[in-house]
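1. structure for this input, please:
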Amino acid sequence: TIIGPGRLAQWYVDEGGQVIRFGKPLPNAFTGALAMLGKPEPARYLMVGDSLFHDIAGAVGAGLGSLLITQGIHRKSLHNISDDKRGEALAKVAAPTGVMPDYVMPSFIW
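-> This is a model prediction of the structure:
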């Protein structure tokens, strides 16, 4: 419903332009961050995010653990769901991405 970087890039490609993509969910965003940390073992790190497509799919693709925050962009589908329905709701929302987070929590407070 909004024009973000991804939609703008796709429009440019559709018009015949060339786009070099960088950022989540592409592996280069995660490998670049890990390289800045001295190339540690990815599985020792946890990606915390609210987007199944960007954060969780990117983490899974890069071999990192993942924690989905349900009060983010998926809040209408995942927040304030009873415990017995949460798994079913998450599976439905995650199905188009083909990935599931390792962990789920409502919010992240630093």
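2. element containing Gln71, please.
-> Assigned by DSSP states H and E, Gln71 belongs to neither a helix nor a strand.
3. which residues touch the closest residue to it other than its chain neighbours?
-> Closest residue in space to Gln71, ignoring its immediate chain neighbours: Ser107 at 4.9 Å, by CB to CB, 6 or more residues apart in numbering. Just so you know, the C-beta spots here come from the backbone N, C-alpha and C atoms, and that holds for glycine as well. Residues in contact with Ser107 (CB atoms under 8 Å, 6 or more residues apart in numbering) are Ile69, Thr70, Gln71.
4. can you put these in TSV and add neighbour count and distance to Ala59?
-> What follows is these, written out as TSV (neighbours: other CB atoms under 10 Å; distance: CB to CB, whole Å):
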residue	neighbour count	distance to Ala59
Ile69	22	13
Thr70	22	16
Gln71	14	18
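5. for the protein, what's the longest helix?
-> Ordering each helix of the chain by length in residues (DSSP state H) puts helix 83-94 first.
6. could you count how many residues lie near Asp84?
-> For Asp84, the count of nearby residues is 7 (other CB atoms under 10 Å).
7. tell me the spacing between it and Ile2.
-> Taking CB to CB, to the nearest Å as the measure, Asp84 falls 34 Å from Ile2.
8. helix/strand/coil for the most far-flung residue of the chain relative to its centre?
-> Distance from the C-alpha centroid of the chain peaks at Gly16, with 28.1 Å (CA atoms, centre = their mean). Here Gly16 is recorded as coil under DSSP: H, G, I helix; E, B strand; the rest coil.
9. may I have the phi/psi pair for the residue at minimal distance from the centre of the chain?
-> A centroid search over the chain (CA atoms, centre = their mean) returns Asp55, at 1.9 Å, as the residue closest to the centre. Per-residue torsions, Asp55: phi -80, psi -50 (degrees, to the nearest 10).
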